[in-house]
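K.L.:
heads up, no residue letters with this:
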């Protein structure tokens, strides 16, 4: 094989390798679940019209996609309206299943640890979680860089109502969560996720 042929083969091998790397990169990018992707799935399925095995499978797929989101993407997803439209069409057992299935892994253990902390420590963690959640909420619902309008308009829900926050502080988080309705748990979910994140971050820092 002459020198020119070897150079051509080398160039072809490099080109094939580059194409393969690009394909793998694109496949990896396509497999990443985002808040927009979950919202698109929710819009593509008429959940209220389903029944039986199809309904159960659609709900399972929805839960799986939500559980694949990063913390930041989960925050964005909760600001949308698609999940609430599905939630409102769920039966009470489905709502309970949905809440339990989409809570972060290890949440129960974190809640037990939280309840075992001194009162002042629990208060500080609640304060930190609420502050960070509200700061993040204002950043996300205000506007993206370069935009002049809220990315969610008037559809973004409040972080946590004053009434619910007061009940969490006075009743105790574990008691309140255990005894609450699915509706209250759904409203409380962003705060609980942030509380878990705060506790895990503080624990990792020690």
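P.N.:
The structure has been received and is ready for your questions. Every value quoted in this text rests on a predicted model; they were computed, and no experiment measured them.
K.L.:
could you list every residue that touches the residue sitting nearest the centre point of the chain?
P.N.:
For the chain, the residue sitting closest to the mean C-alpha position, by CA atoms, centre = their mean, is residue 74 at 2.0 Å. For residue 74, the contact set (CB atoms under 8 Å, 6 or more residues apart in numbering) comprises 35, 66, 193. The way it works is simple: take the backbone N, C-alpha and C, and place the C-beta from them, glycine included.
K.L.:
What of residue 186?
P.N.:
Residue 186 neighbours (CB under 8 Å, 6+ apart): 87, 95, 99.
K.L.:
so how far is the helix or strand containing it off the chain centroid?
P.N.:
Using DSSP states H and E, residue 186 falls within helix 182-205. Here the centre of mass of C-alpha atoms in helix 182-205, compared against the chain's by CA atoms, centre = their mean, to the nearest Å, lies 11 Å away.
K.L.:
Could you do stretch 115-122 as well?
P.N.:
26 Å.
K.L.:
Quick check: buried residues in that stretch?
P.N.:
residue 122 (16 or more other CB atoms under 10 Å).
K.L.:
Excluding its own residues, what touches that stretch? List them.
P.N.:
Here stretch 115-122 has contacts from 114, 125, 172, 173, 174, using CB under 8 Å, 6+ apart.
K.L.:
could the contacts of residue 74 be laid out in a markdown table, adding pLDDT, neighbour count and distance to residue 52?
P.N.:
Putting those into a markdown table (pLDDT from 0 to 100; neighbours: other CB atoms under 10 Å; distance: CB to CB, whole Å) gives the following:
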| residue | pLDDT | neighbour count | distance to residue 52 |
| --- | --- | --- | --- |
| 35 | 90 | 23 | 29 |
| 66 | 93 | 21 | 22 |
| 193 | 84 | 20 | 31 |
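K.L.:
Between the residues you listed, which sits nearest residue 80?
P.N.:
residue 35 (6.8 Å; CB to CB).
K.L.:
residues contacting the closest one?
P.N.:
With CB under 8 Å, 6+ apart, residue 35 has these contacts: 69, 73, 74, 76, 77, 80.
K.L.:
separation between it and residue 68?
P.N.:
11 Å (CB to CB, to the nearest Å).
K.L.:
again, but for residue 60
P.N.:
Distance from residue 60 to residue 68, by CB to CB: 13 Å.
K.L.:
out of those two, which sits in the more crowded spot?
P.N.:
residue 68 (15 against 12; other CB atoms under 10 Å).
K.L.:
ok, that one to residue 37 distance?
P.N.:
The value you get for residue 68 to residue 37, if CB to CB is used, is 9 Å.
K.L.:
Check which element follows the helix or strand of the chain with the lowest mean pLDDT along the chain.
P.N.:
The helix or strand of the chain with the lowest confidence, counting by mean pLDDT, DSSP states H and E, is helix 3-31 at a mean of 47. Note on helix 3-31: by DSSP H and E, the next helix or strand toward the C-terminus is helix 35-44.
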